[in-house]
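**Q** Sequence first, predicted model second:
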Amino acid sequence: MAKYTTSKPSWVPDEPNEKFACSVMGGIEGIKDTTVGNINPNLLSGKTKPKRRLVLSEDDYVNGVLKGDRMTLSRAITLIESNNSKHFAKAQRVLQRLLPHTGKALRIGITGVPGAGKSTIIEAFGNMLCDAGHRVAVLSVDPTSSVTKGSILGDKTRMGTLSRRQEAFIRPSPAGGTLGGVARKSRETMLMCEAAGYDIILIETVGVGQSETTVRSMVDFFMLVVLTGAGDDLQGIKKGIMELADAIVINKADGDNLLKAKVARAEYERMIEYIRPATEGWPTHAYMCSAYTKYGIPELWKVIQAFKEMTTESGVFNKRRNRQLLEWMYSMIDEHLHSLFFDDPVITGRMPEVKEAVLNGIISPTQAVKELVNMFDVDMAARRQVDIFHPEAEVKS
């Protein structure tokens with residue numbers, strides 16, 4: 001068995017370094033590293049029990065978020081992301097009380113293929129905004145494995161400088177789960193951050209699958225990050241993601257890659273001519289930047305500011321916000337009906353038999369759906385629900 005040691009690893013600098021994201025903390029007297037077989041004797045004998053985390057009340061969540069307390073905000077987001085039905089009801093009551101304090105932030109979505117440099121752009125962009133006096137919240141939507149149901153949630157490691165700033169808050173979140181998945185959880189996390197006083201919300205997602213379409217329906221300005229070597233015009237037009245973007249950003253425009261970035265920008269400008277703008281009255285253009293040298297980052301912020309000013313004056317900004325709220329409501333209706341149906345005991349009891357009949361070719365999938373829907377009593381299912389805003393008054397069946 002390895003011997004317990006308090007020496008620092010070889011990769012830790014001798015002197016404190018602001019560019020070094022990791023740190024080594026001193027331990028607590030009497031408690032040693034359990035990974036090498038040592039433990040507090042009192043804990044081992046059962047004389048002392050580890051302290052349990054304090055359970056926060058609704059008032060604790062609301063007051064902590066409004067004060068901008070990062071720990072309370074983190075726990076509120078964890079409550080939002082929980083798939084426990086009891087947590088869902090409590091989270092909705094907390095969110096309802098925070099709603100009057102939301103809606104004042106500028107919401108920016110950032111997408112692109114893996115390796116395009118989204119996280120490094122956010123690092124440079126976020127630091128610049130913090131230096132300018134803004135408070136920045138970064139919500140990184142990480143794909144969830146359909147096999148293991150897990151997410152890596154590692155984007156924060158690429159934002160070492162930004163993550164240590166008091167003006168910034170970074171939260172990686174999984175895309176998977178029930179009760180709304182990325183659509184509900186990301187929207188409500190965004191509202192929590194706005195209530196905590198963050199005036200710039202950056203939402204990062206991987207540009208594959210449907211997640212970028214969902215993020216487009218949540219944000220004011222949508223940015224597509226690409227690399228050089230885009231291919232021919234037709235190849236670019238086939239990429240439906242371009243139709244959603246308010247700006248196309250060619251990253252890594254530095255060093256020997258600068259000339260290639262200029263060529264790529266010209267190619268994207270030609271492609272854009274054949275695509276309808278994503279926002280009414282705003283012409284989409286391609287821009288160059290380098291997250292490494294900070295080239296083009298200030299200019300990109302000026303573009304976003306011009307976008308907000310133009311769309312606010314034309315009324316498009318508020319129209320989009322209102323449309324997004326209604327789309328959110330419609331999507332939640334779909335999710336709620338989905339949950340009512342598949343949680344219904346009559347349906348769950350009948351489902352195995354219907355599945356077997358479909359697999360054996362006895363009935364068609366269409367006939368199976370018709371039979372299950374006719375069996376479903378939506379009124380009875382609704383009576384089993386609890387009013388999330390008045391949990392003490394359950395509706396009797």
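**A** That came through, no problem. All of these numbers come straight from a predicted model, not from anything done at the bench. Numbers count the residues shown, from 1 in each chain.
**Q** what separates V346 from K370, distance-wise?
**A** 15 Å (Cβ to Cβ, to the nearest Å). Quick note: C-beta positions are derived from backbone N, CA and C, even for glycine.
**Q** Which neighbouring elements make contact with the top helix by length along the chain?
**A** Assignment by DSSP state H gives helix 316-343 as the longest helix of the chain. When contacts are defined as 3 or more Cβ pairs under 8 Å, 6 or more residues apart in numbering; DSSP states H and E, helix 316-343 sits against helix 181-195, helix 297-314, helix 378-383.
**Q** Go again with 10 Å.
**A** helix 85-98, strand 106-112, helix 181-195, helix 211-216, helix 297-314, helix 345-359, helix 378-383 (3 or more Cβ pairs under 10 Å, 6 or more residues apart in numbering; DSSP states H and E).
**Q** So what's the gap between it and the chain middle?
**A** 17 Å (Cα atoms, centre = their mean, to the nearest Å).
**Q** now swap in stretch 82-91 and tell me
**A** 18 Å.
**Q** which of the residues in that stretch are buried?
**A** S82, F88, K90, A91 (16 or more other Cβ atoms under 10 Å).
**Q** between those, which is closest to D256?
**A** The closest of the buried residues of stretch 82-91 to D256 turns out to be S82 (Cβ to Cβ; 48.1 Å).
**Q** thinking that closest one is in contact with F88, fair?
**A** Yes: at 7.0 Å, S82 counts as touching F88 under the criterion of Cβ atoms under 10 Å.
**Q** Point out where the stretch 151-300 of the chain drops to low pLDDT.
**A** 151-156, 174-184, 206-212, 229-239 (pLDDT under 70).
**Q** one step back: can you redo the helices and strands packed on helix 316-343 as JSON lines with distance to V136?
**A** Converted to JSON lines, the helices and strands packed on helix 316-343 look like this (distance: least, Cβ to Cβ, whole Å):
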{"stretch": "helix 85-98", "distance to V136": "19"}
{"stretch": "strand 106-112", "distance to V136": "10"}
{"stretch": "helix 181-195", "distance to V136": "9"}
{"stretch": "helix 211-216", "distance to V136": "17"}
{"stretch": "helix 297-314", "distance to V136": "12"}
{"stretch": "helix 345-359", "distance to V136": "45"}
{"stretch": "helix 378-383", "distance to V136": "41"}
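**Q** Any idea which of these gets closest to G160?
**A** Nearest of those (Cβ to Cβ): helix 297-314, 17.3 Å.
**Q** what's the distance between the one helix or strand L79 maps to and the middle of its chain?
**A** Using DSSP states H and E, L79 sits within helix 70-81. The chain centroid and the centroid of helix 70-81 are separated by 13 Å, computed with Cα atoms, centre = their mean.
**Q** My guess is R107 contacts M223. True?
**A** No: R107 is beyond contact range of M223, at 11.5 Å (criterion: Cβ under 10 Å).
**Q** Give me the common contacts of the two.
**A** Counting by Cβ atoms under 10 Å, 6 or more residues apart in numbering, the shared contacts of R107 and M223 are L202.
**Q** and of the helices and strands packed on helix 316-343, who's closest to E280?
**A** Per Cβ to Cβ, nearest to E280 of the helices and strands packed on helix 316-343: helix 297-314, 7.6 Å.
**Q** Next, the buried residues of the closest one.
**A** Residues of helix 297-314 classed as buried by neighbour count (16+ other Cβ under 10 Å): I297, L300, W301, V303, I304, F307, T311.
**Q** which other residues reach it?
**A** 106, 108, 121, 124-125, 127-129, 132, 134, 200, 220-221, 223, 246-247, 249, 279-282, 285, 287-291, 296, 316-320.
**Q** if we go to 7 Å?
**A** Helix 297-314 is contacted by residues 106, 108, 124-125, 128, 220-221, 246-247, 249, 279, 281-282, 287, 289, 317 when judged by Cβ atoms under 7 Å, 6 or more residues apart in numbering.
**Q** follow-up on the earlier one: could you give the angle of the helix holding L79 to helix 181-195?
**A** Per axes from the mean of the first three to the mean of the last three Cα atoms, to 10 degrees, the angle that helix 70-81 makes with helix 181-195 is 150 degrees.
**Q** orientation of helix 70-81 relative to helix 85-98 in degrees?
**A** Going by the same axes, to 10 degrees, helix 70-81 makes 120 degrees with helix 85-98.
**Q** Check the average confidence over helix 70-81, would you?
**A** Taken as a whole, helix 70-81 carries a mean pLDDT of 92.
**Q** Please save the CA atoms from it in PDB.
**A** Presented in PDB, the C-alpha positions along helix 70-81 are these (Å, rounded to 0.1, in the frame of the first residue of the first chain):
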ATOM      1  CA  ARG A  70     -22.500  31.800  -6.700                       C
ATOM      2  CA  MET A  71     -22.800  28.800  -4.400                       C
ATOM      3  CA  THR A  72     -26.600  29.300  -4.000                       C
ATOM      4  CA  LEU A  73     -26.900  29.800  -7.800                       C
ATOM      5  CA  SER A  74     -25.000  26.600  -8.400                       C
ATOM      6  CA  ARG A  75     -27.300  24.600  -6.100                       C
ATOM      7  CA  ALA A  76     -30.400  26.300  -7.700                       C
ATOM      8  CA  ILE A  77     -29.300  25.100 -11.100                       C
ATOM      9  CA  THR A  78     -28.700  21.600  -9.700                       C
ATOM     10  CA  LEU A  79     -32.300  21.700  -8.500                       C
ATOM     11  CA  ILE A  80     -33.500  22.700 -11.900                       C
ATOM     12  CA  GLU A  81     -31.500  19.900 -13.600                       C
END
